[in-house]
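>>> Sharing a sequence plus its predicted fold:
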Amino acid sequence: MSRSLLSPFDSPYLGTLRNRVAMAAMTRGFADAEHCCTPDIADYYGRRARNGVALILSEGIVVDPSGDGYNHVPHLATDAQAQSWGPVLEQVHAAGSLMFAQLWHCGRISHADFTNGIAPVSSTDQPAEGTNRQNGKPYGTPRRLRADEIPAIYHMIEQAARRALDIGFDGVQLHMEHGYLFDQFLDARINDRTDAYGGTVENRCRIVLELVERLLPLCGDRRLMLRLSPSRMLGGNIYDWPDLEEMLHYIVPRLNAVGARLLDISCADAPYAKTSGRVIRTVRQLWPHFLMGGASLTPDQAEAEISAGHLDMVTWGRAILANPNFVDRITVGEALIPMTAEVRASLY
Ligand SMILES: Cc1cc2nc3c(=O)[nH]c(=O)nc-3n(C[C@H](O)[C@H](O)[C@H](O)COP(=O)(O)O)c2cc1C
């Protein structure tokens with residue numbers, strides 16, 4: 001069968017999907033004071049599912065209060081928080097779409113204001129450069145995780161994954177990109193450790209591989225996805241992992257060997273062709289399984305990536321935010337409404 005964006009897709013991993021359109025994870029900041037979902041959030045996701053987005057990635061859901069870094073983001077640290085996603089999943093599933101929960105730990109992209117007064121943790125004790133957009137203060141000075149504390153991070157994520165699967169998410173996506181906790185280990189410019197989790201490529205990738213090995217028995221290979229950003233944008237410049245090729249040639253085959261099967265390559269809001277598009281051409285040669293990516297591709301560009309076999313599904317973020325009827329619009333070739341500050345500030 002020919003591969004095309006809007007035709008049904010029989011994925012050996014995800015089953016039969018209506019098309020190859022996926023909604024990228026997008027933090028919205030509309031959770032309630034208890035970090036739970038609200039009916040408005042359920043309608044927001046439900047609308048995109050009813051319009052035909054085949055796979056929805058939730059906004060980043062913080063696995064534990066110590067991993068937060070934002071105002072009003074959802075958490076998955078209690079059963080009540082997990083249950084608040086029930087109405088979201090009802091709407092998404094009734095529409096025939098799948099939804100994965102994105103599990104998030106911010107690491108040092110935070111501040112004690114968001115972690116109950118205790119220092120955020122990281123691979124390093126050096127703060128991130130810049131200002132936390134949420135409180136206007138410089139990023140907090142993190143506390144370097146000791147190696148013997150890392151299993152507690154796995155445990156937090158495992159608990160959140162269990163809650164997500166129990167409430168009916170079709171899978172979980174591990175947020176390992178964009179400079180947050182796991183990227184703080186992967187990235188040689190940030191990771192300044194001298195123990196088994198720092199220094200060599202092998203050591204920097206260890207945390208990711210150990211976590212995946214720990215989660216696979218719980219999730220199974222069809223319900224565990226990783227999101228990585230080997231090349232993205234930072235401060236207006238393209239920012240690659242310093243040892244990009246070596247990292248990709250190490251981590252991708254190892255992920256395959258430990259049994260991971262679902263991969264999403266992100267570049268945040270960078271130009272796709274110069275970042276993820278380039279990375280994906282290397283990854284594809286090393287990875288025979290499910291591969292997803294994107295960043296504001298035109299439908300024609302998406303079609304070309306799919307028909308060439310570079311991607312199995314294409315993610316859109318801002319376009320789906322600004323166009324709840326995104327699939328209808330691209331089906332008939334109607335222009336898309338551009339993303340604006342008003343769109344970002346609302347849930348519609
Ligand atoms: C409002 C907003 C919030 C985002 N939050 C997340 C997030 O929680 N997790 C994540 O992995 N990426 C997040 N992203 C990045 C998107 O998933 C996506 O990679 C990025 O927007 C590029 O795709 P686009 O050009 O199609 O928008 C966010 C992007 C936007 C615009």
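Okay, I see it. Keep in mind it's a predicted model, so treat the numbers as computed, not measured.

>>> Kindly report the residues of this protein close to the ligand.
24-27, 59-60, 102, 175, 177-178, 227, 266, 268-269, 294-296, 316-319, 344 (Cβ under 6 Å from any ligand atom). The C-beta positions use only the backbone N, C-alpha and C, and glycine is treated the same way.

>>> One more pass at 5 Å, please.
Proximity of the chain to the ligand (Cβ under 5 Å from any ligand atom) is limited to residues 24-27, 59-60, 266, 269, 295-296, 316-318.

>>> Of the residues you listed, which belong to helices?
Among the residues of the chain next to the ligand, the members found in helices (DSSP state H) are residue 318.

>>> Taking the residues of the chain next to the ligand, tell me the two that lie furthest apart.
60 and 296 (19.4 Å; Cβ to Cβ).

>>> Helices of the protein, start to end?
Ranges of helices in the chain, per DSSP H, are 39-50, 79-83, 86-94, 150-167, 181-186, 201-219, 244-258, 276-286, 299-307, 318-322, 326-332, 341-344.

>>> what would those helices look like in CSV with mean pLDDT, distance to residue 142 and mean neighbour count?
Shown next, in CSV, are the helices of the chain (pLDDT from 0 to 100; distance: least, Cβ to Cβ, whole Å; neighbours: other Cβ atoms under 10 Å):
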stretch, mean pLDDT, distance to residue 142, mean neighbour count
helix 39-50, 98, 30, 20
helix 79-83, 98, 25, 17
helix 86-94, 98, 32, 18
helix 150-167, 98, 13, 19
helix 181-186, 98, 8, 25
helix 201-219, 98, 15, 18
helix 244-258, 98, 22, 17
helix 276-286, 97, 27, 19
helix 299-307, 97, 37, 18
helix 318-322, 97, 30, 21
helix 326-332, 98, 37, 17
helix 341-344, 93, 28, 11
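
>>> Reformat those helices as a markdown table; add distance to residue 12.
Listed next are these as a markdown table, based on distance: least, Cβ to Cβ, whole Å:
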| stretch | distance to residue 12 |
| --- | --- |
| helix 39-50 | 23 |
| helix 79-83 | 29 |
| helix 86-94 | 21 |
| helix 150-167 | 20 |
| helix 181-186 | 26 |
| helix 201-219 | 17 |
| helix 244-258 | 14 |
| helix 276-286 | 16 |
| helix 299-307 | 16 |
| helix 318-322 | 25 |
| helix 326-332 | 23 |
| helix 341-344 | 36 |
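
>>> Quick one, which of those gets closest to residue 66.
Among the helices of the chain, if distance is taken as Cβ to Cβ, the winner is helix 150-167, at 7.9 Å.

>>> Which residues are in contact with the residue nearest in space to the middle of the chain?
What sits nearest the mean C-alpha location of the chain, by Cα atoms, centre = their mean, is residue 175, with 4.2 Å. Contacts of residue 175 were listed using Cβ atoms under 8 Å, 6 or more residues apart in numbering, and they are 25, 60, 102-105, 182, 227.

>>> For residue 24, see how far away it is.
Separation of residue 175 from residue 24 (Cβ to Cβ, to the nearest Å): 11 Å.

>>> One more: residue 334?
Taking Cβ to Cβ, one finds residue 334 at 21 Å from residue 24.

>>> What of residue 238?
19 Å.
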